[in-house]
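> model the structure of this input:
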Amino acid sequence: MNSKALAGRVSIVTGGASGIGEAVARRFAREGARVLVADVDAKRGARLAEEIAAVEFLEADVSSLTACQVLVEAALERFGRLDVLVNNAFWSRARRVYKLEPEDWRRTLEVTLDAVFYGMRAALPVLVEREAGCIVNTASISGLGADDGMSAYNAAKAGVVNLTRTAALEVAHRGVRVNCVCPGLIETPAVTRAFLGDADRREKIAAQIPMQRLGRPEEIANAVLWLASDEAAFVTGSALVADGGSSIGSGVPKLFF
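Got it, this is the predicted structure:
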């Protein structure tokens, strides 16, 4: 990766106040980009902007088209251009299908899938007009297969993967690239709160990953950076998996011990 791979470019990162989004914002800033971070967590977002000169923060719930349009307009007003959109915000409730409340299903899709559509709907006219730029969506290996108890999240992330492919197909001839990254289990604050309550549970979960550990947000930020950089200039419509090997097995039980 070239030094300052995003020098002079402007990016929006949604869900950028913590976890993968924060790691992306930090990495983009180190690579020379100016970054507009959007999140509902105003306290963490403001702290990030205070810490990094290249980062500005705008409190926003991106589950509405209006909020996403405001984000794009803010990037253009503050920085004069837009080059990269990273749709990273998500919300989820872990429940099996027959126990999931309809409002939790709806909210998961609103923040995890609808917001990706709204972000692209707001940003693509700007990028297509310039015939340059790219979008990176945070999908998941949970969009490529099923997980027990994650019905709404699985459905939303599967939608992100195929929405990415469709958008990429539609705008490739206009010089705009659209890709998604598919992380496995990453040690973010949200994952820690939901699943890693104690050391024993954490160890058991990590043992199920071929690399025997959870991923780090910075490792996903590296993948997002590559997709956003000129080094991926011939890559569009891809779903880049970064999961420590979790999804490479066939599903057949172990036969040799």
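> check which helix or strand A221 maps to.
Assigned by DSSP states H and E, A221 belongs to helix 217-228.
> swap in V161?
In this assignment (DSSP H and E), V161 forms part of helix 151-171.
> show me what that helix is packed against.
Here helix 151-171 touches helix 102-109, helix 115-130, strand 134-138, strand 177-183, strand 239-242, going by 3 or more C-beta pairs under 8 Å, 6 or more residues apart in numbering; DSSP states H and E. Every residue, glycine included, has its C-beta placed from N, CA and C.
> looking at the ones you listed, which is buried most?
Highest mean neighbour count of the helices and strands packed on helix 151-171: strand 134-138, a mean of 28 (counted as mean count of other C-beta atoms under 10 Å).
> can you give the contact residues for that one?
Residues outside strand 134-138 that contact it (C-beta atoms under 8 Å, 6 or more residues apart in numbering) are 15, 20-21, 83-88, 90, 116, 119-120, 123-124, 127, 160, 163-164, 167, 176-181, 183, 220, 224, 227-228.
> A38: which of the helices and strands packed on helix 151-171 is closest?
For these, the distance to A38 is smallest for helix 115-130, at 9.2 Å, taking C-beta to C-beta.
> can you give me how far that closest one is from the chain middle?
16 Å (C-alpha atoms, centre = their mean, to the nearest Å).
> could you check the angle it makes with strand 134-138?
Per axes from the mean of the first three to the mean of the last three C-alpha atoms, to 10 degrees, the angle that helix 115-130 makes with strand 134-138 is 170 degrees.
> what's the angle from helix 115-130 to helix 102-109?
30 degrees.
> and the angle for helix 115-130 with helix 151-171?
10 degrees.
> which other helices and strands contact helix 115-130?
The contact analysis (3+ C-beta pairs under 8 Å, 6+ apart) places helix 115-130 against strand 10-14, helix 65-79, strand 84-87, strand 134-138, helix 151-171.
> neighbouring contacts of that helix?
By C-beta under 8 Å, 6+ apart, the surrounding residues in contact with helix 115-130 are 12, 14, 62-65, 67-69, 71-72, 76, 82-83, 85, 87, 89, 133-135, 137, 159-160, 163-164, 167, 171, 174-176, 178.
> at 6 Å what do you get?
For helix 115-130, contacts defined as C-beta atoms under 6 Å, 6 or more residues apart in numbering pick out 62-63, 65, 68-69, 72, 82, 85, 87, 89, 133, 135, 137, 160, 167, 171, 174, 176.
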